[in-house]
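Enquirer: need the 3D shape of this:
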Amino acid sequence: MGLIISLFILWIGPLLGIFIQRRFNNTSQRVISNTVLFSGSFLLGISLFGLMPELFDNIQKAGLWIVAGFLFQILLEKFTGGLGHGHIHSHDIPKSVFVLFGGLMLHALFEGYSAGLNNHIKSGVVSGMVVGIAIHEIPAAFSLSVLMHTRYKGKASAILLLFMYALATPIGFISGVMVHDEGLLSESMSQVITAIIAGTFLHISTTIVFENSLRKKEGLSKWIVILSGLAVSYFACLIG
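Expert: Model (predicted):
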């Protein structure tokens with residue numbers, strides 16, 4: 001039952017982002033901006049409160065693998081141009097839609113896989129990761145939908161690509177669960193992948209929080225969103 005609920009949550013996240021864009025177009029930028037900020041601080045909390053304490057108790061050289069994950073995310077964003085964080089107007093977005101779509105699909109698959117692989121390590125972290133990733137996928141899908149609507153307005157191919165993207169995270173999650181359940185990876189290798197995941201989450205979350213709260217004018221509402229994301233992630237890890 002828990003597996004089905006997790007899959008539904010991961011599927012509904014990107015669908016919600018697509019629906020918001022299609023229904024309200026670009027008038028919901030403030031809502032999306034707050035969603036981006038909340039998801040960033042939430043993933044930061046999951047890394048700090050859930051993944052990293054366990055890693056440094058059970059894996060040697062955890063810091064090196066965390067850095068590897070951090071650098072991997074930087075490389076991945078060369079293909080997505082930050083679109084996964086709601087940067088719709090970023091000048092770094094690749095001109096090729098196929099390169100962009102491939103990068104976003106890989107990003108979504110990896111996030112889903114990370115949650116699936118860690119499905120049985122710690123229940124609180126798992127539920128937190130699933131919710132955090134689903135929330136993070138809302139602005140990603142919103143941004144992709146905006147781009148598809150602009151370049152392929154009214155074309156069936158755009159709808160097909162968005163539908164495929166909505167399935168990416170659940171497919172990644174199922175893959176991670178199967179790899180764990182079938183024992184295809186050793187415990188030490190699972191810990192290494194968890195460290196890499198923590199590194200990618202750190203890059204995603206710090207980039208989001210930095211760009212939304214430090215480079216732009218700070219306000220009480222932004223601090224409330226940031227602290228709310230951290231608080232919810234802490235209690236999600238604490239419950240487990």
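
Enquirer: just checking, what packs against the lengthiest helix in the chain?
Expert: Determined from DSSP state H, the single longest helix within the chain is helix 123-151. With contacts taken as 3 or more CB pairs under 8 Å, 6 or more residues apart in numbering; DSSP states H and E, helix 123-151 sits against helix 2-24, helix 29-45, helix 97-117, helix 156-181, helix 220-239. From N, CA and C alone the C-beta is placed, and that goes for glycine too.

Enquirer: now Gly17: closest residue in space, sequence neighbours ignored.
Expert: In this structure, Gly17 finds its nearest non-sequential neighbour in Ala141, 3.2 Å apart by CB to CB, 6 or more residues apart in numbering.

Enquirer: now for the helices and strands packed on helix 123-151, which one comes closest to Val209?
Expert: Across the helices and strands packed on helix 123-151, Val209 has its closest neighbour in helix 29-45 (5.1 Å, CB to CB).

Enquirer: ok, back up a step: using CSV, lay out the helices and strands packed on helix 123-151 together with distance to Phe70.
Expert: Putting those into CSV (distance: least, CB to CB, whole Å) gives the following:
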stretch, distance to Phe70
helix 2-24, 23
helix 29-45, 13
helix 97-117, 14
helix 156-181, 20
helix 220-239, 19
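
Enquirer: out of the ones you listed, flag the one nearest Ala195.
Expert: helix 97-117 (10.9 Å).

Enquirer: buried residues in that closest one?
Expert: Of the residues in helix 97-117, 97, 100-101, 103-105, 107-117 count as buried by neighbour count, 16 or more other CB atoms under 10 Å.

Enquirer: so Thr207 is in which element?
Expert: In this assignment (DSSP states H and E), Thr207 forms part of helix 187-213.

Enquirer: list the helices and strands that helix packs on?
Expert: Helices and strands touching helix 187-213, as assessed by 3+ CB pairs under 8 Å, 6+ apart, comprise helix 29-45, helix 52-58, helix 62-80, helix 97-117, helix 220-239.

Enquirer: looking at those helices, which has the lowest confidence?
Expert: Lowest mean pLDDT within the helices and strands packed on helix 187-213: helix 52-58, a mean of 77.

Enquirer: for that helix, C-alpha coordinates in PDB please.
Expert: Written as PDB, here are the backbone C-alpha positions of helix 52-58 (Å, rounded to 0.1, in the frame of the first residue of the first chain):
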ATOM      1  CA  MET A  52      24.000  12.700   6.100                       C
ATOM      2  CA  PRO A  53      23.800  11.600   9.800                       C
ATOM      3  CA  GLU A  54      23.300   8.000   8.800                       C
ATOM      4  CA  LEU A  55      26.000   8.200   6.100                       C
ATOM      5  CA  PHE A  56      28.700   9.400   8.500                       C
ATOM      6  CA  ASP A  57      27.900   6.600  10.900                       C
ATOM      7  CA  ASN A  58      28.000   3.800   8.200                       C
END
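
Enquirer: still on that earlier bit, how far does the helix holding Thr207 sit from its chain's centre?
Expert: Centroid separation for helix 187-213 versus its chain: 10 Å, with CA atoms, centre = their mean, to the nearest Å.

Enquirer: what's the angle between that helix and helix 62-80?
Expert: 60 degrees (axes from the mean of the first three to the mean of the last three CA atoms, to 10 degrees).

Enquirer: buried ones in helix 187-213, by neighbour count?
Expert: 190-209, 211-213.

Enquirer: so it versus helix 220-239, what angle?
Expert: 160 degrees.

Enquirer: relative to helix 97-117, how tilted is helix 187-213?
Expert: Going by the same axes, to 10 degrees, helix 187-213 makes 120 degrees with helix 97-117.

Enquirer: helix 187-213 versus helix 29-45: what angle between them?
Expert: On the basis of the same axes, to 10 degrees, helix 187-213 is oriented at 140 degrees to helix 29-45.
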